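Enquirer: with the sequence up front, the predicted model follows.
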Amino acid sequence: MTITAARLYPGKKIDLHVHVGTFGGWANVSLTEEELVKSMEDYNVVKSAVYFMDNELVRKAVQKYPEQLVGCYWPNPHEETAAEKVRVALKEWGFRGIKLHPLFQAFLPNDDIVHPIMEEAKRAGVPVLIHTGHSPFSLPWSVGELAENFPDVKIVMLHMGDGHGLYIQAAINTAKRMDNLYLETSAMPMGTKIKEAIDVVGKDRVMYGSDFPFHNPAVEIARATAVNLSEEEFELYFYRNAKNLLGL
């Protein structure tokens, strides 16, 4: 049976994790801003937080669809000017978050090179969204170390541990200990862990993301829709939590 939008949670949504652009190599996926906006209409997604390594591409996409797309800057912490570029994106471009990918760019979340970027996040009052779930660079425990050093910055563990059961549990346990840690559930295969995260970490700190085009929004929405949540929990998970996090 084909999963269609009509069979999924019908309420409005904010997708906290979307990419535009082309990812070659093993992934071989791509997504244009036009394709993204059409998909958003299909699934009643009113806003999407967008990031890509080419930040200018994201900037142009947000300028083209300012009502639907929210820009998040993806810096390379190894660059000496990374923090300065982040500052410009937040102050002049109107971006509302920072994306970090420790695995892709080979750094630990709590490396000293990350701290100037975190200071910019603290100064601007925006969240930092960090890829998690793959060793050696993007494990939940390492994100927890960063959260301890920057308790005033809201940090989102993207994928909340991804496909590894041990890392999923670590993401929940680490977020339980720190009020500034949030969980996003894209690519995390266990619907039961969405429910557990809401019960353990808090209904206001777990939220929806698709990781489109790496993952299909229909599948990501269906996984959460199948979980036994209250109407309030569904609304928080799919919409209100991300709205509050991004200051929309």
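Expert: The structure has been received and is ready for your questions.

Enquirer: on the three-state scheme, Lys203 is what?
Expert: With DSSP: H, G, I helix; E, B strand; the rest coil as the basis, Lys203 sits in coil.

Enquirer: hmm, it is touching Glu231, no?
Expert: No: using CB atoms under 8 Å, Lys203 makes no contact with Glu231, being 11.7 Å away. Backbone N, C-alpha and C define where each C-beta goes, glycine included.

Enquirer: and those two? Which one has more around it.
Expert: Remark: of Lys203 and Glu231, Lys203 carries more neighbours, 18 against 8, as counted by other CB atoms under 10 Å.

Enquirer: please identify the helix or strand for Ser30.
Expert: strand 29-31 (DSSP states H and E).

Enquirer: show me what that strand is in contact with.
Expert: With contacts defined as CB atoms under 8 Å, 6 or more residues apart in numbering, strand 29-31 is touched by 18-23, 212-214.

Enquirer: what does the average pLDDT come to for the longest helix along the chain?
Expert: When the chain is scanned for its longest helix (criterion: DSSP state H), the result is helix 165-177. Mean pLDDT, computed over helix 165-177, is 97.

Enquirer: please apply the same query to stretch 108-125.
Expert: 98.

Enquirer: what about it, start to end distance?
Expert: End-to-end distance for stretch 108-125, by CA to CA, to the nearest Å: 22 Å.

Enquirer: show residues contacting it.
Expert: 75, 77-78, 82-83, 86-87, 90-91, 98, 100, 102, 107, 127-128, 130, 137-138, 142-143, 145-146, 149-150, 152-153, 247.

Enquirer: list the contacts for Tyr237?
Expert: Tyr237 neighbours (CB under 8 Å, 6+ apart): 194, 198, 203, 206-208, 224, 229.
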